[in-house]
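Student: predicted model, plus sequence, below.
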Amino acid sequence: MIVQNITEAVIYESPDGGETIYVRRPGESPTMRQLYSESDVAKALKKKVQDEKLWSDIRIAAQSNPTLQRILDEAVMVYNLIK
C-alpha cells in the first residue's frame with residue numbers, strides 16, 4: 001500500500017482563551033507561528049464550545065440559586081412536553 005497524502009501535524013495555540021488562534025509546526029519556535037484564519041466549521045465549533053461553557057456555568061450557578069434552579073426545572077419540563 002502506498003501512502004498518497006500525508007497530513008502534517010500542526011500545533012494550535014491561543015494566548016487569550018480562543019479569541020486569537022495561531023498555528024505552527026512542531027519543533028518551530030513560537031515566534032514563527034502564524035495567525036490562523038478560522039473556517040466556518042471552526043467558527044461553528046468554537047460557538048458550540050462557548051455555548052456548552054455557558055450552560056455549564058448556568059447549571060453550576062443554579063446549585064446555589066433556587067430561582068435559577070426553578071427556571072431550569074421548568075425549562076426541562078417544557079422541553080419534555082414538546083418533544
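Tutor: All right, it came through fine.
Student: can you count the residues close to Y22?
Tutor: By the measure other CB atoms under 10 Å, the count of residues near Y22 is 15. In short, each C-beta sits where N, CA and C put it, glycine included.
Student: wait, what's in contact with the closest residue in space to it that isn't next to it in sequence?
Tutor: Nearest residue to Y22 in three dimensions, chain neighbours excluded: R33, at 4.0 Å (CB to CB, 6 or more residues apart in numbering). With contacts defined as CB atoms under 8 Å, 6 or more residues apart in numbering, R33 is in contact with 13, 22-24.
Student: out of everything not next to it in sequence, what's closest to the residue most central in space within the chain?
Tutor: Computing the C-alpha centroid of the chain and ranking residues by CA atoms, centre = their mean puts V49 first, at 2.8 Å. The spatial neighbour of V49 that comes closest, neighbours along the chain excluded (CB to CB, 6+ apart), is G18 at 7.7 Å.
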